[in-house]
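Participant: attaching a predicted model along with its sequence, questions to come.
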Amino acid sequence: MNNSRDQDMLPAAPLKETSQKKRKRFLRADEADKWQEHFEDLCRFKEAHNHCLVPHTYSANPGLGRWVKRQRYENKLLQQNKVSSMTPERLALLEKIGFVWDSHQVTWNKMLGELEDFKKKHGHCEVPSKFPENSALATWVSRQRAQHKLYRKNEANSMTESRIAALNKLDFKWGVRCKEETKKK
């Protein structure tokens with residue numbers, strides 16, 4: 001039986017064989033059109049901002065922020081060999097414009113750069129916990145120490161060997177205490 005809804009369905013990217021039955025995700029034609037609209041919005045965003053790192057809460061176009069997050073999720077599903085709406089064609093289009101797949105790592109690298117700048121200016125990496133010139137850097141440095149502490153305890157954390165190495169390269173101090181605490185001892 002042929003109905004119009006079946007004709008509007010397009011097969012998504014072929015999936016690799018798994019031990020389970022091979023599953024397909026079908027995209028309706030209107031979903032493909034909507035994807036293209038968001039992709040064009042992303043291209044305009046990149047043209048205006050010179051990057052594809054759309055904030056999750058992008059007030060100028062809230063749907064774009066959600067869509068970008070969804071593309072990361074769909075790509076993750078594809079990498080895990082699960083049902084996904086990500087196709088090789090979509091992947092290629094996103095790659096071509098410099099889509100940011102790991103926004104957390106990009107943000108981490110940006111903050112590392114800010115720490116490098118701080119060290120060049122001050123000769124050390126001991127950013128004060130209350131640093132009005134760059135409060136985000138002060139918070140980030142504190143979080144790196146907290147994440148490292150969790151890492152050493154084998155608890156859930158976002159610290160990696162490569163992040164530790166990058167911070168150690170800057171002679172980052174993992175156990176800095178404030179001066180008031182040091183004086184009490």
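Facilitator: All right, it came through fine.

Participant: gap between the residue nearest in space to the middle of the chain and V54?
Facilitator: Central residue check for the chain by Cα atoms, centre = their mean: the C-alpha nearest the mean position is that of S103, 1.9 Å away. As judged by Cβ to Cβ, to the nearest Å, S103 and V54 stand 9 Å apart. In short, each C-beta sits where N, CA and C put it, glycine included.

Participant: would you map the helices across the protein?
Facilitator: 4-7, 29-49, 62-79, 88-96, 103-122, 135-152, 161-169, 179-184 (DSSP state H).

Participant: quick one: buried residues of the second one?
Facilitator: With burial defined by 16 or more other Cβ atoms under 10 Å, the residues of helix 29-49 counted as buried are 32, 35, 38-39, 41-42, 45-46.

Participant: in terms of secondary structure, what does that helix contact?
Facilitator: strand 9-11, helix 62-79, helix 88-96 (3 or more Cβ pairs under 8 Å, 6 or more residues apart in numbering; DSSP states H and E).

Participant: from the chain's centroid, how far away is the last one?
Facilitator: On the basis of Cα atoms, centre = their mean, to the nearest Å, the separation between the geometric centre of helix 88-96 and that of its chain is 17 Å.

Participant: so S158 sits against D102, correct?
Facilitator: No - with contacts counted by Cβ atoms under 8 Å, S158 stays clear of D102, the gap being 11.5 Å.

Participant: who's more crowded, these two?
Facilitator: Higher neighbour count among S158 and D102: S158, with 13 against 10, using other Cβ atoms under 10 Å.

Participant: check contacts around the residue nearest to the centre of the chain.
Facilitator: 53, 72 (Cβ atoms under 8 Å, 6 or more residues apart in numbering).

Participant: any idea how far it is from N154?
Facilitator: Taken as Cβ to Cβ, the span from S103 to N154 is 26 Å.

Participant: how close does the residue nearest to the centre of the chain get to W67?
Facilitator: Between S103 and W67 the distance is 14 Å, computed by Cβ to Cβ.

Participant: could you check the pLDDT of the residue nearest to the centre of the chain?
Facilitator: S103 carries a pLDDT value of 89.

Participant: how about R72: what's its closest non-neighbour residue?
Facilitator: W101 (6.1 Å; Cβ to Cβ, 6 or more residues apart in numbering).

Participant: got phi/psi on the one you found?
Facilitator: When read as degrees, to the nearest 10, the backbone of W101 gives phi -80, psi -30.

Participant: that one: neighbour count?
Facilitator: 15.

Participant: touching, it and E74? I think so.
Facilitator: No - at 11.0 Å, W101 and E74 do not qualify as touching, with contact defined as Cβ under 8 Å.
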